[in-house]
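Undergrad: Predicted structure and sequence below. I'll ask about it afterward.
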Amino acid sequence: MHTKPPFDDPLVRKAFAAAIDRVALIENVTKGGQVPAHSFAPPGILDNVADDMSIGGYLIEADYADQIAQAQAWLAEAGYPESDGIDIVLGHDTAEGQTQLAQAVQAIWQEAFPQAKITIEGQEWGVYIDTLMPDSRDEEKPNAFRLGLCADYPDQNDWLPIFNSKNAMNIAKYNNPDYDTLIEAATIESNVAKRLDLYRQAEDMFINQDAVIAPINYYTFNRLYKPWLTTVVISPVGADPVAQWRIDWAAKTAARGQ
């Protein structure tokens, strides 16, 4: 929450974002073949920067120890040497998977910042969303919280504008006029290359400079298919009605012993 200490300081946000061991979370908690995330918009979204490690590269170091060292340095620079003085609540909804994820992140943060006090609090989904709404009182909100996003359509215009300061759904309460200017310019830009550059600048500001969120993983869709169903193509937003496939009739007939 950008209006609630200590996460009103971008250095603190960067420290906590960098301290998350995304590989460990995927291997031990989510277990769905997810991909560690270092940007907001995932692969498959038009004008995404998921293949550009100059953005958010500090979130996925080859050696996780380097992430911890950087996180601790940022926290010290923010005025919390040895993590002393940090007292935060991490909010989550009470779905089983989200509870497990919150518990794992709490443990990871506690190990990275031993002197910090890190508490988790779960709320039923409806209550949780009401708590996080921008017009709800900050005093009643957690310092940090977990949410995910699925696209309505595969374009950055469905992602980055959420955090425009004028957006009523900007629950992080992020407010940067330079970011707003980039997003508004990209919305009306018809030149493909210029549009991509505007969104790239916005993601750079969003992740590298201001650390608006701590991306953990890009979602995956896990499905089982019969062996004779081939060339399966799924929309990047996971919408089954636009899936495409081909049936290998010979393989199907053989598998049925016909």
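TA: Structure's in. What do you need?
Undergrad: Which stretches in the stretch 101-250 of the chain count as helices?
TA: For the stretch 101-250 of the chain, the helices defined by DSSP state H, counting those that start in this stretch cover 125-132, 177-188, 192-203, 249-255.
Undergrad: Compare those helices and give me the one nearest Leu25.
TA: Closest to Leu25 of the helices of the stretch 101-250 of the chain is helix 125-132 (Cβ to Cβ; 20.4 Å). Where C-beta positions appear, they are placed from N, C-alpha and C, glycine not excepted.
Undergrad: other SSEs contacting the closest one?
TA: For helix 125-132, the elements it packs on are strand 87-93, judged by 3 or more Cβ pairs under 8 Å, 6 or more residues apart in numbering; DSSP states H and E.
Undergrad: buried ones in the strand it packs on?
TA: Ile88, Val89, Leu90, Gly91, His92, Asp93 (16 or more other Cβ atoms under 10 Å).
Undergrad: Same question for stretch 42-53.
TA: So for stretch 42-53, counting by 16+ other Cβ under 10 Å, buried means Pro42, Ile45, Leu46, Asp47, Asn48, Val49, Ala50.
Undergrad: For that stretch, measure first residue to last.
TA: 13 Å (Cα to Cα, to the nearest Å).
Undergrad: Glu82 contacts Ala73, correct?
TA: No - between Glu82 and Ala73 there is no contact under Cβ atoms under 8 Å: 11.6 Å.
Undergrad: I'd like the buried residues of strand 87-93 written out as JSON lines, with pLDDT added.
TA: Converted to JSON lines, these look like this (pLDDT from 0 to 100):
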{"residue": "Ile88", "pLDDT": "96"}
{"residue": "Val89", "pLDDT": "96"}
{"residue": "Leu90", "pLDDT": "96"}
{"residue": "Gly91", "pLDDT": "96"}
{"residue": "His92", "pLDDT": "96"}
{"residue": "Asp93", "pLDDT": "94"}
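Undergrad: low-scoring pLDDT stretches of the stretch 101-250 of the chain, where are they?
TA: 231-244 (pLDDT under 70).
Undergrad: can you give me the strands for it?
TA: 117-123, 144-145, 217-218, 229-233, 244-247 (DSSP state E, counting those that start in this stretch).
Undergrad: From the chain's centroid, how far away is the last one?
TA: Think strand 244-247. Relative to its chain's centre, strand 244-247 lies at 32 Å (Cα atoms, centre = their mean, to the nearest Å).
Undergrad: how close does Leu52 sit to Pro43?
TA: Rather than Leu, residue 52 is Asp. 11 Å (Cβ to Cβ, to the nearest Å).
Undergrad: what do you get for Thr230?
TA: For Thr230 relative to Pro43 (Cβ to Cβ), the value is 22 Å.
Undergrad: quick revisit: just the closest of the buried residues of strand 87-93 to Trp125, please.
TA: Nearest to Trp125 among the buried residues of strand 87-93, with distances taken as Cβ to Cβ, is Asp93, at 4.8 Å.
Undergrad: My understanding was that the closest one contacts Tyr128; is that so?
TA: Yes - using Cβ under 8 Å, Asp93 is in contact with Tyr128, at 4.6 Å.
Undergrad: Thanks a lot, catch you later.
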